[in-house]
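J.: Sequence first, then the predicted structure:
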Amino acid sequence: MYFFIKSYGCQMNSYDSQRMADLLTEKGHSAVDEPEKADIVIFNTCSIREKADEKLFSDLGRVKTLKDLHNGDFIIIVTGCVAQTRVQEIMKRAPYVDIILGPQDIQAVAEKIDEHLHSENVLVSTSLGAEDKFNRLTAGFHNRKVSEFLTIQEGCDNFCTYCVVPYTRGREFSRNVADIVAEAKKLIAAGVKEIILLGQNVNSYNGTDENGQRHNLSDLLFTLAELDGLKRLHYTTSHPKDINESIGRAHRDIDILMPFLHLPVQSGSDAVLKKMNRKYTAEKYFECIDMLREYRPDIAFSSDFIVGFPGETDEDFQKTLQLVERVKYSQAYSFKYSPRPNTVAAKMDNQIDEKIKSERLSILQDLLNKQQTQFNESFVGKYLSILFEKEGKHKNQLVGRSEYSQAVSVCANNINIGDIVRVKVTEAVSHSLLGTIE
């Protein structure tokens, strides 16, 4: 059978989708690039924002038409975070869905398809056992790019008041060192040059080695840096409360650890951060930034911001702008607060009017875009090391990423996808760079 997977939301969903594709490929199924060509359609869902939820039901309505037209079996599967928390809603609004799997049950996707072929019932599995998930994700690696994700930690114990992750991914679980190293070696053997370590709270990683000794994230980074053939390391997403000097030393001492860190702050107001249950202050965040810049002066930062959190005042918002001005980000993601079901924040008083949220978001994004432009323009005339990842839109054009995670396009006949090349930046365009190879 032919399968199509659409992944919504975070990088961890991208990793899970790739692993499902591996499992299905090993079972003899074949991937296709659009649902019209498929017999199996999988939507790997995200619950972080309301827009992602509604996008799922819109997409489900479109593939129902395909199912109605299909002669024979056409299987619709919903996986991921929406599947974990909203089983009854999915069954009510989309009763034609055949299989519902939570994010810790994706390893069962192939066997559930086989089971469905002999059952008329909707098959549902929504456990919260990350250890079992990774123990059963034993398929080989198929169709890998030069840069790939590797999940090392899953779940979260922080319980931020706006976030559903502890309810959809469960409590924190760290994979053991040997399994991570083994997976990294397989990725390298498949042609991967850059590995991005993933976790809901990646710098709380606390896995064990074969002797039962605990390893933190920096320990793991030093271990992976020794692997032959690995050219670049990244990790995401970090929590400011878990940043410590061992991470700073890793950025100073590991050549292949890129000088770029995604460090979500969400707000610059201590009052809002307390309501969010973020467990740090703006000053603590500044201390993290300053410490990391001391160890690695050229390190670049990206971040996440939520505007319009319940009770956010104009003064609170101004403190966010002041934080952005002080840190100076190379890029960032910003969103209006979106109430999520069963979260504390959704029940808070003083919900902010949508018009005010939109106005604040526009002001913040203008500032963040200005900083990104300034950061990119600072490299014009300078050289960057680019890992080329894909073909560009123009003839002989390749697109890659710099050590600071900037997109860089180059036209040249003598480079290939997977090459790491020194490039002179010639122009900063919207959210990316152009360069030449001399």
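T.: Looks like it came in fine.
J.: which regions of the stretch 51-200 of the chain lie under the pLDDT threshold?
T.: 128-131, 136, 139 (pLDDT under 70).
J.: what comes up buried for stretch 404-420?
T.: 404-410, 412, 415, 417-420 (16 or more other C-beta atoms under 10 Å). No exception for glycine: its C-beta is placed from N, CA and C like everyone else's.
J.: what does the average pLDDT come to for stretch 256-265?
T.: For stretch 256-265, mean pLDDT is 98.
J.: rewinding a little: return the closest of the buried residues of stretch 404-420 with respect to Leu69.
T.: Leu69 lies nearest to Ile417 out of these, by C-beta to C-beta, at 37.5 Å.
J.: So for that closest one, what's the nearest residue that isn't a sequence neighbour?
T.: Once flanking residues are discounted, Ile417 sits nearest to Phe388: 5.4 Å by C-beta to C-beta, 6 or more residues apart in numbering.
J.: need the contact list for Leu260.
T.: No Leu there; residue 260 is Phe. When contacts are counted by C-beta atoms under 8 Å, 6 or more residues apart in numbering, Phe260 touches His234, Ile299, Ala300, Phe301, Ser302, Ser330, Glu403, Tyr404, Ser405.
J.: ok, Ala190 touching Lys145?
T.: No. Applying C-beta atoms under 8 Å as the test, Ala190 and Lys145 come out as separate, 9.5 Å apart.
J.: Can you pull out the residues in contact with stretch 138-151?
T.: 11-12, 14-16, 18-19, 21-23, 25-26, 31, 134, 175, 180, 183-184, 186-187, 190-199, 232, 387-390, 401, 417-418.
J.: Quick check on the residues you listed: which are buried?
T.: 11-12, 14-16, 18-19, 21-23, 25, 31, 134, 175, 180, 183-184, 187, 192-199, 232, 387-389, 401, 417-418.
J.: In stretch 318-326, which residues are buried?
T.: Lys319, Thr320, Leu323, Val324.
J.: Show me the contacts of stretch 138-151 that map onto helices.
T.: 11-12, 14-16, 18-19, 21-23, 25-26, 134, 180, 183-184, 186-187 (DSSP state H).
J.: Residues touching stretch 52-65, excluding its own?
T.: 6, 8-9, 35, 41, 43, 45-47, 76, 78, 82, 86, 93-94, 96-97.
J.: Which of these fall in strands?
T.: Lys6, Val41, Phe43, Thr45, Ile76, Val78 (DSSP state E).
J.: where does the third one land on pLDDT?
T.: Just to be clear, that refers to Phe43. So, for Phe43, pLDDT stands at 97.
J.: same check, this time on the first one
T.: Among the per-residue scores, Lys6 shows a pLDDT of 96.
J.: That one and Asp219, how far apart?
T.: Using C-beta to C-beta, to the nearest Å, we find Lys6 at a distance of 36 Å from Asp219.
J.: The fifth one now?
T.: Going from Ile76 to Asp219 by C-beta to C-beta gives 43 Å.
J.: Next: the second one.
T.: When distance is defined by C-beta to C-beta, Val41 is 41 Å away from Asp219.
J.: Quick check: closest non-adjacent residue to Ala250.
T.: Nearest to Ala250 is Ser218, by C-beta to C-beta, 6+ apart, at 4.3 Å.
J.: So which bits of whichever helix or strand that neighbour is part of are buried?
T.: Using DSSP states H and E, Ser218 sits in helix 217-224. By 16+ other C-beta under 10 Å, the buried positions in helix 217-224 come out as Leu217, Ser218, Asp219, Leu220, Leu221, Phe222, Leu224.
J.: And stretch 39-59, by the same measure?
T.: Buried, per 16+ other C-beta under 10 Å, within stretch 39-59: 39-49, 52-53, 55-56, 59.
J.: Equivalent analysis for stretch 353-368, please.
T.: For stretch 353-368, by 16+ other C-beta under 10 Å, it's Lys357, Arg360, Leu361, Leu364, Gln365, Leu367, Leu368.
J.: now swap in stretch 292-305 and tell me
T.: So for stretch 292-305, counting by 16+ other C-beta under 10 Å, buried means Leu292, Arg293, Arg296, Ile299, Ala300, Phe301, Ser302, Ser303, Phe305.
J.: Secondary structure element holding the residue of the chain positioned farthest from its centre?
T.: Relative to the centre of the chain, the most outlying C-alpha is that of Asn71, 36.9 Å out, by C-alpha atoms, centre = their mean. Secondary structure from DSSP H and E places Asn71 outside every helix and strand.
J.: Show the backbone phi and psi for it.
T.: phi -90, psi 110 (degrees, to the nearest 10).
J.: just Phe301 next, same as before
T.: Residue torsions, per degrees, to the nearest 10, at Phe301 are phi -120, psi 140.
J.: Tell me the spacing between it and Leu384.
T.: Phe301 is 17 Å from Leu384, by C-beta to C-beta.
J.: Do a quick rundown of the helices in the stretch 101-250 of the chain.
T.: For the stretch 101-250 of the chain, the helices defined by DSSP state H, counting those that start in this stretch cover 109-116, 130-136, 165-168, 177-189, 217-224, 245-253.
J.: my guess is Ser125 meets Gln107, correct?
T.: No. If you go by C-beta under 8 Å, Ser125 and Gln107 don't touch, sitting 10.0 Å apart.
J.: on that earlier part again, neighbouring contacts of the helix holding Ser218?
T.: 152, 177, 180-181, 184, 195, 197, 202-205, 207, 215, 230, 233, 235, 246-247, 249-250, 253-254, 257.
J.: And for Arg86, the neighbour number?
T.: Neighbourhood size, Arg86 [other C-beta atoms under 10 Å]: 21.
J.: That one: what's it in contact with?
T.: Ser47, Asp53, Pro341.
J.: repeat for Glu154
T.: Neighbours of Glu154 in contact, by C-beta under 8 Å, 6+ apart: Met12, Gln104, Ala130, Lys133, Arg169, Gly170, Glu172, Phe173, Gly199, Gln200.
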